[in-house]
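[1] A structural model of the following input is requested.
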Amino acid sequence: MNYREQLEILQQKKQLRKLRTMQPLIDGYVILNEEKKLNLSSNDYLGLGTNEDLKREFQQLLNSHPEWHCYTASSSRMLSGNNELYEQVENALSIHYGKSALFFNSGYHANIGILPAITTKNDLILSDKLVHASLIDGIKLSSAKHVRYRHNDYDHLRKILKENRGRFDRVFIVTESIFSMDGDRCDLVELINIKHQFNVQLYVDEAHAVGAVGTKGLGICEELGVVDEVDLIIGTMGKALSSVGAFVICNESVKQWLINKARPFIYTTAMPPINLAWSLFIINKIPFCNIERQNLKTLWRNLGESLNAEGFNVNAESHIIPVVIGDNETTVKLSEHLLKKGFVVMPIRPPTVQVGTSRLRISLSASINWQDIKLLGLEIRNFTKSLG
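    Residues are numbered from 1 along each chain as shown. Modelled structure (predicted):
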């Protein structure tokens with residue numbers, strides 16, 4: 001393969017990605033190219049990542065725990081890296097959810113490790129067509145048969161199950177609760193009905209819901225009171241929980257199986273104690289962040305109404321609001337236009353989304369002031385009108 005030629009092809013298609021260096025500030029702002037911009041591409045949904053009060057409180061806690069001032073584990077958890085903070089983090093999660101918890105280094109690690117570990121060639125995985133790339137990669141690494149059902153189309157899912165359930169030992173339905181690129185939600189109640197109807201297992205990735213949704217901030221499973229009905233719940237620390245790592249909520253037998261069989265868990269260096277200490281600190285704060293969650297909900301509803309008033313017909317079911325433009329070139333130009341106006345809204349293009357559905361993915365944070373974004377819809381409309 002000639003990489004230079006392939007990169008040129010990506011450039012011609014307006015699909016070439018480049019890194020940008022940003023310095024986070026407070027209230028949702030960043031410094032980019034030595035200018036202050038409002039960041040609408042962050043997953044810091046509650047604004048905890050730049051909360052100075054939290055940082056000061058954690059620093060005081062660190063001062064009383066010098067043993068946490070360690071910046072590497074130097075080993076996997078299976079060898080000598082299983083610091084006592086791991087047990088404290090997992091115990092805290094278990095108390096919150098009422099089930100066992102196992103911690104991973106990232107959401108990607110969790111999703112590429114769990115599905116291959118729990119399935120065999122005699123099993124079937126049915127995944128929503130729009131699940132995250134990490135889930136797709138985990139499914140590919142498994143030996144199970146895989147079929148995709150149309151996005152949130154449960155009649156299609158039932159049809160596949162009627163035709164295939166009897167041919168496999170076990171069936172796993174895999175979905176996100178809030179979809180990362182569309183911001184819409186799955187119908188968990190309906191999926192649980194299907195689970196019982198066909199005797200299957202349910203795997204729900206709550207990466208974009210944990211922290212941001214629920215009375216205690218535990219996601220849509222908690223919000224709907226169905227934690228016990230979902231076999232595997234995946235949560236991430238790297239978004240609303242403003243840390244690093246991820247976890248699975250499951251029964252104790254599955255946890256012990258994953259400790260023995262999940263390769264990304266076994267064959268990777270453990271998290272540094274200082275990261276685990278921060279994660280534990282945040283996990284214990286999340287149930288009390290109701291003001292932030294309410295601010296976030298108000299913000300996404302206001303922005304959804306504003307964008308729809310400008311004629312964009314957006315789906316505003318969550319803090320992730322896509323404005324679908326269509327072609328790559330227009331989407332990139334719109335992103336660049338908004339950057340000049342002070343908004344960081346990165347363009348999302350294939351292969352992350354389907355061809356012809358390139359978009360701006362507006363990702364909101366509770367720390368953002370409505371006055372700072374209320375004219376965003378007008379800016380987008382004016383730009384699209386200028387194109388004729």
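
[2] from here on, contacts and neighbour counts on C-alpha atoms
    Fine.

[3] what's near enough to touch the nearest residue to Gly214 once chain neighbours are set aside?
    Nearest non-adjacent residue to Gly214, counting by Cα to Cα, 6 or more residues apart in numbering: Glu223, 4.3 Å away. Listed by Cα atoms under 8 Å, 6 or more residues apart in numbering, the contact partners of Glu223 are Val213, Gly214, Thr215.

[4] Same question for Ser127.
    His146, Val147, Arg148, Tyr149, Ile173, Val174, Thr175.

[5] Given the helix or strand that it is a member of, what are its sheet partners and their directions?
    Ser127 belongs to strand 124-128 when assigned by DSSP states H and E. Partner strands for strand 124-128, per DSSP bridges, with pairing direction: strand 145-149 (parallel), strand 171-176 (parallel).

[6] tell me the most buried of those strands?
    Among the strands paired with strand 124-128, the stretch with the highest mean neighbour count (mean count of other Cα atoms under 10 Å) is strand 171-176, at a mean of 24.

[7] That one: what's the following helix or strand?
    Downstream of strand 171-176, the next assigned helix or strand under DSSP H and E is helix 188-198.

[8] Name the nearest residue to Gly377, sequence neighbours excluded.
    The shortest distance from Gly377 to any non-neighbouring residue, by Cα to Cα, 6+ apart, is to Leu307 (4.9 Å).

[9] what's the spacing between the one you found and Val353?
    Going from Leu307 to Val353 by Cα to Cα, to the nearest Å gives 21 Å.

[10] Between the two, which has more neighbouring residues?
    Neighbour count, other Cα atoms under 10 Å: between Leu307 and Val353, Leu307 has more, with 24 against 14.

[11] List the residues that contact that one.
    Residues near Leu307 by Cα under 8 Å, 6+ apart: Asn313, Val314, Gly377, Leu378.

[12] By neighbour count, which of these wins?
    Result: Gly377 is most packed of the contacts of Leu307 (other Cα under 10 Å), 20 neighbours.

[13] For the stretch of helix or strand Gln371 belongs to, buried residues please.
    Under the criterion of DSSP H and E, Gln371 resides in helix 370-373. Buried residues in helix 370-373, counted by 16 or more other Cα atoms under 10 Å: Ile373.

[14] Next SSE downstream of the helix of greatest length in the chain?
    The longest helix of the chain (DSSP state H) is helix 290-309. The element immediately downstream of helix 290-309 (helix or strand, assigned by DSSP H and E) is strand 320-326.

[15] show me the contacts for Gly28.
    Residues near Gly28 by Cα under 8 Å, 6+ apart: Leu38, Asn39, Leu40, Gly47, Ser365, Ser367, Ile368.

[16] from memory the third one sits against Leu360, does it?
    It refers to Leu40. No: with contact defined as Cα atoms under 8 Å, Leu40 does not reach Leu360; the gap is 9.7 Å.

[17] what do the two both touch?
    Between them, Leu40 and Leu360 share these contacting residues under Cα under 8 Å, 6+ apart: Val345.
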